[in-house]
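**Q** Give me coordinates for this.
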Amino acid sequence: MASSLSPAPVPMELHVLNREKLLKSIRQHLTDTSRPLNGFVFLQGGDEQTRYCTDHIELFRQESYFAYLFGVIEPGFYGAIDIATGKSILFAPRLPAEYTVWLGEVKPLSYFQEKYKVSMACYTDEIAGVLLDQYKGSGKPLLFLLHGLNTDSNNFSKPAEFEGMEKFETELSTLHPILTECRVLKSDLELALIQFANDISSEAHIEVMRKVRVGMKEYQLESMFLHHTYMYGGCRHCSYTCICATGENSAVLHYGHAAAPNDRTFKDGDMALLDMGAEYNFYASDITCSFPVNGKFTSDQSLIYNAVLEAHNAVIKAMKPGVNWVDMHKLAEKVILESLKKGSVLVGNVDDMMVERLGAVFMPHGLGHLLGIDTHDPGGYPKGTERPKEPGLKSLRTSRDLQQGMVITVEPGCYFIDALLVPAMENAHTSKFFNREVIDRFKDFGGVRIESDVIVTANGCENMTNVPRETSEIEAVMGGASWPLNKK
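**A** You can find the predicted model right below:
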């Protein structure tokens, strides 16, 4: 299927606005803490990496904070923002003459200055001299370097390093929390890129639905998705490694990694759980669709699928500024537990199940996460906030109250995972809730996840993802119907 979409234009003004947003925030912070409004924000971009000891260069993708501020696609750059004047400076690597033979034209500094809308462009071997020349304060110039914890990965961002750094004072605590908070709320220009990534990814998911046939390999579904997003959307990067799980694999939350490489041959009667999202100009999408590979839901598949869909829809209906994300997770859990009770999978009082954290047995992951330049965008746990410790809730990637301008995924799921079910069915506090005869029917079921990317608006939210969700819609599209269904 050809696409009705074409790659969206990428205005560099987006990154100019991001720099202005940071500058305003850091100036306000310095004023509030009675510190002088001078020095430089200074970041190091990413470098190309080779495959171990070989000369095979892995496909480069820019470091995310640097991408946010400068939009630079090339490796080896540095960037500075003069806090006193607002002047932005890019530092490009000085390339050897033979670069032209092997890798193409050596661009002049004026090219980078114009392309990335910065005040100045210089070479990386000039960093110390240029910054000292620009500085109008007294004493050693202060560099605000990026160093802080990513609460999703538990890794620290790496502060910049360059020759001549001893001529500057450096500060490691101020920049990271301020720049991270800038990334939490998206501008209209950022939203346009996230929407395009959603549009092309939604289209690709539908294309996969239509082409699925019993007997295929999981990696063929991944291939179809990647082809569509690259062919029609210009998306060279995926937001993350595709999860193409079928049958019992759909209960493996992060399936698709090197040790489980989307290589199963799926069978008639399997459910598929496809978690795939394209990245466009650094900005991510993250979409999950679940459906029967033969195109027709069984009663058991409908029961679990609709439990998750009702949770997905209930959360989106309740989302608005001021709503707490932990409460949204609990809402999703409760809706799923109520559906499982209605379907006789569980018995007993749902409120009692919630007290015993039974929802975490069926949905051990968090409800969703912030989305932007990273699939798991930073800012989920600002300094001073604590991660919940209860089962299920401890996996939440944020516990924040929603704010207008946040983009967050809504991805409830229901899985039948022996490693969680067996202990819960043997536990004195939770065993009474299980209808063992019915549970046995779902032993090799796997799981269902439904994931959409949602923008928080002034009075509610908007779903940026556009794929079939109702069972009747999925069956119609898998049977060849156009999407949306009323489209001629």
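
**Q** Just list whatever residues bridge to the nearest residue to residue 411 once chain neighbours are set aside.
**A** Residue nearest to residue 411 in three dimensions, not counting chain neighbours: residue 451, with 3.5 Å by C-beta to C-beta, 6 or more residues apart in numbering. Just so you know, the C-beta spots here come from the backbone N, C-alpha and C atoms, and that holds for glycine as well. In this entry, residue 451 is beta-bridged to residue 288, by DSSP bridges.

**Q** again, but for the one 5 residues further on
**A** Counting by DSSP bridges, residue 456 is bridged to residue 461.

**Q** And the pLDDT for it?
**A** Note on residue 456: pLDDT of 98.

**Q** just checking, it touches residue 402?
**A** Yes. Contact status for residue 456 versus residue 402: in contact at 4.9 Å, counting by C-beta atoms under 8 Å.

**Q** Mutual contacts of these two, please.
**A** Overlap of the contact sets of residue 456 and residue 402 (by C-beta atoms under 8 Å, 6 or more residues apart in numbering) consists of 319-321, 408.

**Q** Looking at those residues, which is nearest residue 471?
**A** residue 319 (23.4 Å; C-beta to C-beta).

**Q** Neighbours of that closest one, how many?
**A** Number of residues near residue 319 (other C-beta atoms under 10 Å) recorded here: 23.

**Q** Same check on residue 313?
**A** 18.

**Q** So it, which state does it fall into?
**A** helix (DSSP: H, G, I helix; E, B strand; the rest coil).

**Q** okay, it: pLDDT?
**A** 98.

**Q** Enumerate every residue touching it.
**A** Residues near residue 313 by C-beta under 8 Å, 6+ apart: none.

**Q** Which parts of this structure belong to which domain?
**A** Domain ranges of the chain: 13-184, 188-478, per automatic domain parsing.

**Q** Residues in a beta bridge with the nearest residue to residue 78 once chain neighbours are set aside, which ones?
**A** Nearest residue to residue 78, sequence neighbours excluded (C-beta to C-beta, 6+ apart): residue 91, at 4.0 Å. Following DSSP bridges, residue 91 is listed with bridge partners residue 78, residue 122.

**Q** Surely residue 91 and residue 80 touch.
**A** Yes. Look at residue 91 against residue 80 with C-beta under 8 Å: they come within range, at 7.4 Å.

**Q** Would you mind listing the residues touching both of those two?
**A** Contacts common to residue 91 and residue 80, judged by C-beta under 8 Å, 6+ apart, are residue 127.

**Q** any idea how far residue 379 is from the residue of the chain most remote from its centre?
**A** The C-alpha centroid of the chain is most remote from residue 138, which lies 42.6 Å away (C-alpha atoms, centre = their mean). Per C-beta to C-beta, to the nearest Å, residue 138 is found 35 Å from residue 379.

**Q** give the contact list for the closest residue to residue 189 other than its chain neighbours.
**A** Spatial nearest neighbour of residue 189, chain neighbours left out: residue 14 (4.0 Å); criterion: C-beta to C-beta, 6+ apart. Applying C-beta under 8 Å, 6+ apart, one finds that residue 14 lies in contact with 71, 187, 189-190, 193.

**Q** quick revisit: for residue 3, find the nearest of the domains of the chain.
**A** The nearest among those, by C-beta to C-beta, is domain 188-478 at 3.5 Å.

**Q** Okay, now that closest one: how far is its last residue from its first?
**A** For domain 188-478, the first-to-last residue distance is 34 Å (C-alpha to C-alpha, to the nearest Å).

**Q** Pull the distance from that domain to the chain's centre.
**A** Put simply, domain 188-478 sits 13 Å off its chain's centre (C-alpha atoms, centre = their mean, to the nearest Å).

**Q** Phi first, then psi, for the residue farthest from the centre of the chain.
**A** The phi/psi pair for residue 138 (degrees, to the nearest 10) reads phi -100, psi 160.

**Q** what residues does the host helix or strand of residue 111 touch?
**A** Element membership for residue 111 (DSSP states H and E) is helix 109-115. With contact meaning C-beta under 8 Å, 6+ apart, helix 109-115 is reached by 12, 72, 90, 92, 118-123.

**Q** Let's verify residue 394: helix, strand, or coil?
**A** helix.

**Q** Quick check: nearest residue in space to it, chain neighbours excluded?
**A** Per C-beta to C-beta, 6+ apart, closest to residue 394 is residue 388, 5.7 Å.

**Q** Looks to me like the one you found is in a strand.
**A** No. Going by three-state DSSP, the assignment for residue 388 is coil, not a strand.

**Q** okay, and for this structure, where does confidence drop off?
**A** 487-488 (pLDDT under 70).

**Q** so where does the residue nearest the centre of it fall, helix or strand?
**A** By C-alpha atoms, centre = their mean, the chain has its centre lying nearest to residue 375, at 1.4 Å. For residue 375, there is no host helix or strand (DSSP H and E).

**Q** Would you confirm that it contacts residue 238?
**A** No. With contact defined as C-beta under 8 Å, residue 375 and residue 238 do not form a contacting pair (9.4 Å).

**Q** Quick check: neighbours shared by these two?
**A** By C-beta under 8 Å, 6+ apart, the residues touching both residue 375 and residue 238 are residue 277.

**Q** what's the neighbour count on residue 105?
**A** 9.

**Q** Distance check, the nearest residue to residue 392 once chain neighbours are set aside against residue 120.
**A** Nearest non-adjacent residue to residue 392, counting by C-beta to C-beta, 6+ apart: residue 360, 2.9 Å away. Residue 360 sits 53 Å away from residue 120, going by C-beta to C-beta.

**Q** What are the buried residues along the helix or strand where residue 326 lies?
**A** Following DSSP H and E, one finds residue 326 within helix 325-342. Neighbour counts using 16 or more other C-beta atoms under 10 Å place 325-326, 328-341 of helix 325-342 among the buried residues.

**Q** re the thing from before, just the domains of the chain: most buried one?
**A** domain 188-478 (a mean of 20; mean count of other C-beta atoms under 10 Å).

**Q** which residues touch the residue nearest to residue 357 when sequence neighbours are not counted?
**A** Spatial nearest neighbour of residue 357, chain neighbours left out: residue 391 (4.6 Å); criterion: C-beta to C-beta, 6+ apart. The contact partners of residue 391, taken as C-beta under 8 Å, 6+ apart, are 357, 360-361, 364.

**Q** tell me which of these is nearest to residue 243?
**A** The closest of the contacts of residue 391 to residue 243 turns out to be residue 364 (C-beta to C-beta; 15.4 Å).

**Q** Now the closest one: which helix or strand?
**A** Going by DSSP H and E, residue 364 is not in any helix or strand.

**Q** For residue 482, grab phi and psi.
**A** The phi/psi pair for residue 482 (degrees, to the nearest 10) reads phi -70, psi 170.

**Q** any idea how far residue 268 is from it?
**A** For residue 482, the distance to residue 268 - C-beta to C-beta - is 26 Å.

**Q** same check, this time on residue 197
**A** Applying C-beta to C-beta, the value for residue 197 to residue 268 is 33 Å.

**Q** Which residue ranges of the stretch 1-150 of the chain form helices?
**A** In the stretch 1-150 of the chain, the helices defined using DSSP state H, counting those that start in this stretch lie at 13-32, 64-70, 99-103, 109-115, 127-134.
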